[in-house]
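**Student:** Requesting a structural model of the entry that follows:
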Amino acid sequence: MKIAVVGAGWAGLAAAFEAHLHGHRVTVYESGHRLGGRARSVFSPKLNSELDNGQHILLAAYTRTLDLMRRLGLDTEKLLYPMPLTIASADGNFSLRVPEGIGPLAVPSALLLARGMSTLDKLRLVASMAALASKKWSIAPNVDTHCDHHAGQPAIQGPTVAQWLQHGKQSQRMVRYFWEPLCLAALNTPIDRACAQLFANVLRDSLGAGPEACRVLIPRVDLSTLWPEHLPPEISIARGHTVRQIVHGDAVHVDQDTFDAVIIATNAPSAGRLLEGLPSVSGADAYIQQIQAFQSLPIATLTLDLTKIWDMPEPMLMLTDSPDRAQFGQWLFHCNTFLSTPLGTSRVNVVISHARDLSRWTVRQIVEGVITQIKDQTSRYAPMPSVRAFELITEKRATFAAVPGLQRPKNTTPWKNVFVAGDWTDTDYPAVLEGAVRSGISAARQLSQGWSCDN
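**Tutor:** Numbers count the residues shown, from 1 in each chain. The predicted structure follows:
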């Protein structure tokens, strides 16, 4: 079977590899020249170096991603730097580390030894997690019977993370130092808008699954090299090829080429535009409306090249942001700890989730604000060396807004032999790397199963 995949992000490449394993002939179309989509490497003239378009981390719970890398013959232990889940504020006011090697006692031990949490905070955190686990990580939705946008049917909408935390009587300190950073890192959506159920799914497969599952894995190499550039040579990749049109009939025509089926693995807006050009069929309008409902949110990463390697106490530190003072940093990464470079690197990365407010400031103001922020909050350590160069990369469509009640499309579409893949599809996860990989694999498997049934 001849398959086209439109888009060479993690979802599209996972779909291409899975389809190849099922014996199909696969061609991937990618408008850019680097593989990886929103998780790729780019060249920075300012730093004269390859950088990722954003600092990404994985978790040991990302089983499909890790399995895919191993099936490609890659050594995950060499390519990924492992560390126990650690939430340590740069100013030293808060610290929680999930220890390894003690099984079910890991999370209770982390809470017992945590700094900056009162006994009452610890008890309430344990109670909230235990209540979630007892309900199999399901948060009951709210039914608003006064809403009539769907032909008189009530709208089912779950609580936000903020509402769930309020119900669990979490203190302002715990929200600020624990829950809010976790939610922004996982969902890239503020807690007063973020879907509590999606957040619960992340907790289920990380803290709720034990210390091994929530180990942090940081790529030692750039994201394109990590695995996207290692697909089998039998998979044809057309780089620099923007697909303008898909024609659906007895066969599927992608621009001038003919295929038995296609997997559209672009971002949601691009997928919607391609599907709008297909013939009208039953269910098409509702399906496209689902895709058009997504709202994109940006993430920015500021890379600072220091005059010398800085001796940070942890590879990853949490920063307290103050957006009104252009102090936007939320997480600080010490690149020398995990990057595979013979001479080491003096670079540090600063992650800014939900980066919409950056547009109100100049790049110089942002950089100066973050540098001041880092120096103030790390004053108890060896002073940060001066900055000789920097690069600010903003991924405008990094994630979708993970709000309650968002209906996400399935991999199958109303059109026969047309499938979609992406972290925005119905993966049970927010817009994370594992969700993209799972979606790609699922789309390829459903395509293969449908083809087998038809033949």
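**Student:** So the nearest residue to Ala389 once chain neighbours are set aside versus Thr242, what's the distance?
**Tutor:** The shortest distance from Ala389 to any non-neighbouring residue, by Cβ to Cβ, 6 or more residues apart in numbering, is to Asp305 (4.3 Å). The C-beta positions use only the backbone N, C-alpha and C, and glycine is treated the same way. Distance of Asp305 to Thr242, given as Cβ to Cβ, to the nearest Å: 33 Å.
**Student:** May I ask you to name the longest strand in the protein?
**Tutor:** Of all segments of type strand in the chain, defined using DSSP state E, the longest is strand 387-400.
**Student:** and the helix or strand following that strand, what does it pack onto?
**Tutor:** Downstream of strand 387-400, the next assigned helix or strand under DSSP states H and E is strand 418-420. Helices and strands touching strand 418-420, by 3 or more Cβ pairs under 8 Å, 6 or more residues apart in numbering; DSSP states H and E, are strand 261-264, helix 268-276, helix 433-454.
**Student:** Output the ones you listed in a markdown table; the columns should cover mean pLDDT.
**Tutor:** Formatted as a markdown table, the helices and strands packed on strand 418-420 follow (pLDDT from 0 to 100):
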| stretch | mean pLDDT |
| --- | --- |
| strand 261-264 | 98 |
| helix 268-276 | 97 |
| helix 433-454 | 90 |
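**Student:** so which of those gets nearest Phe94?
**Tutor:** Of all the helices and strands packed on strand 418-420, it is helix 433-454 that lies closest to Phe94, at 26.6 Å by Cβ to Cβ.
**Student:** The closest one packs against which elements?
**Tutor:** Here helix 433-454 touches helix 10-21, strand 58-59, helix 63-71, strand 261-264, strand 418-420, going by 3+ Cβ pairs under 8 Å, 6+ apart.
**Student:** Could I get the contacting residues of Met316?
**Tutor:** By Cβ atoms under 8 Å, 6 or more residues apart in numbering, the residues touching Met316 are Ile57, Met83, Thr86, Ala88, Val216, Ile218, Trp331, Leu332, Phe333, His334.
**Student:** go with 7 Å
**Tutor:** Residues near Met316 by Cβ atoms under 7 Å, 6 or more residues apart in numbering: Thr86, Trp331, Phe333.
**Student:** now it: how far from Pro190?
**Tutor:** Distance, Met316 to Pro190, using Cβ to Cβ: 21 Å.
**Student:** what's the answer for Ile246, then?
**Tutor:** From Ile246 across to Pro190, the span is 36 Å (Cβ to Cβ).
**Student:** So for the two, which sits in the more crowded spot?
**Tutor:** The residue with more neighbours, out of Ile246 and Pro190, is Ile246; 20 against 17, by other Cβ atoms under 10 Å.
**Student:** from what I can see that one touches Leu274, true?
**Tutor:** Yes: using Cβ atoms under 7 Å, Ile246 is in contact with Leu274, at 5.3 Å.
**Student:** what's the burial count for Leu72?
**Tutor:** By other Cβ under 10 Å, 13 other residues sit near Leu72.
**Student:** What strands line up against the longest strand of the chain, and which way round?
**Tutor:** Note on strand 387-400: by DSSP bridges, its sheet partners are strand 296-306 (antiparallel).
**Student:** Reformat the helices and strands packed on helix 433-454 as JSON lines; add distance to Asp121.
**Tutor:** Below are those laid out as JSON lines (distance: least, Cβ to Cβ, whole Å):
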{"stretch": "helix 10-21", "distance to Asp121": "37"}
{"stretch": "strand 58-59", "distance to Asp121": "24"}
{"stretch": "helix 63-71", "distance to Asp121": "32"}
{"stretch": "strand 261-264", "distance to Asp121": "46"}
{"stretch": "strand 418-420", "distance to Asp121": "43"}
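**Student:** Asp376 is nearest to which of the ones you listed?
**Tutor:** Checking the helices and strands packed on helix 433-454 against Asp376 by Cβ to Cβ gives strand 58-59 as the closest, at 30.2 Å.
**Student:** Measure how far the closest one is from the centre of its chain, please.
**Tutor:** Strand 58-59 has its C-alpha centroid displaced from the chain centroid by 10 Å (Cα atoms, centre = their mean, to the nearest Å).
**Student:** and if you look at stretch 54-67?
**Tutor:** Counting by Cα atoms, centre = their mean, stretch 54-67 is centred 9 Å from the centre of its parent chain.
**Student:** For it, buried residues please.
**Tutor:** Buried residues in stretch 54-67, counted by 16 or more other Cβ atoms under 10 Å: Gly54, Gln55, His56, Ile57, Leu58, Leu59, Ala60, Ala61, Tyr62, Arg64, Thr65, Leu66.
**Student:** Kindly report the same for stretch 109-125.
**Tutor:** Of the residues in stretch 109-125, Ala110, Leu111, Ala114, Gly116, Met117, Asp121, Lys122, Arg124, Leu125 count as buried by neighbour count, 16+ other Cβ under 10 Å.
**Student:** could you list every residue that touches the residue nearest to Gln327 when sequence neighbours are not counted?
**Tutor:** Spatial nearest neighbour of Gln327, chain neighbours left out: Gln373 (3.8 Å); criterion: Cβ to Cβ, 6+ apart. Each residue near Gln373 by Cβ under 7 Å, 6+ apart is listed here: Leu319, Gln327, Gly329.
**Student:** what does Met174 give?
**Tutor:** Met174 neighbours (Cβ under 7 Å, 6+ apart): Met117, Asp121, Leu125.
**Student:** Go through the residues you listed and flag which are in strands.
**Tutor:** Going by DSSP E, the strands hold none of the contacts of Met174.
**Student:** Let me have the residues you listed in a markdown table, extended by distance to Trp227 and pLDDT.
**Tutor:** As requested, those are exported to a markdown table (distance: Cβ to Cβ, whole Å; pLDDT from 0 to 100):
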| residue | distance to Trp227 | pLDDT |
| --- | --- | --- |
| Met117 | 38 | 92 |
| Asp121 | 40 | 93 |
| Leu125 | 35 | 89 |
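**Student:** Can you tell me which of these lies closest to Asp311?
**Tutor:** For the contacts of Met174, the residue nearest Asp311 by Cβ to Cβ is Met117; the value is 27.2 Å.
**Student:** Next, Asp91: secondary structure please.
**Tutor:** Assigned by DSSP: H, G, I helix; E, B strand; the rest coil, the conformation of Asp91 is coil.
**Student:** Leu182 now?
**Tutor:** Following three-state DSSP, we place Leu182 in the helix state.
**Student:** neighbours of the closest residue to it other than its chain neighbours, just the number please.
**Tutor:** Nearest residue to Leu182 in three dimensions, chain neighbours excluded: Ile87, at 7.5 Å (Cβ to Cβ, 6+ apart). Ile87: 22 surrounding residues under other Cβ under 10 Å.
**Student:** Could you check the pLDDT of Ile87?
**Tutor:** On pLDDT, Ile87 comes in at 92.
**Student:** for Leu123, same thing?
**Tutor:** We note a pLDDT of 90 for Leu123 in this prediction.
**Student:** Can you classify it by secondary structure?
**Tutor:** Counting by three-state DSSP, the backbone at Leu123 sits in helix.
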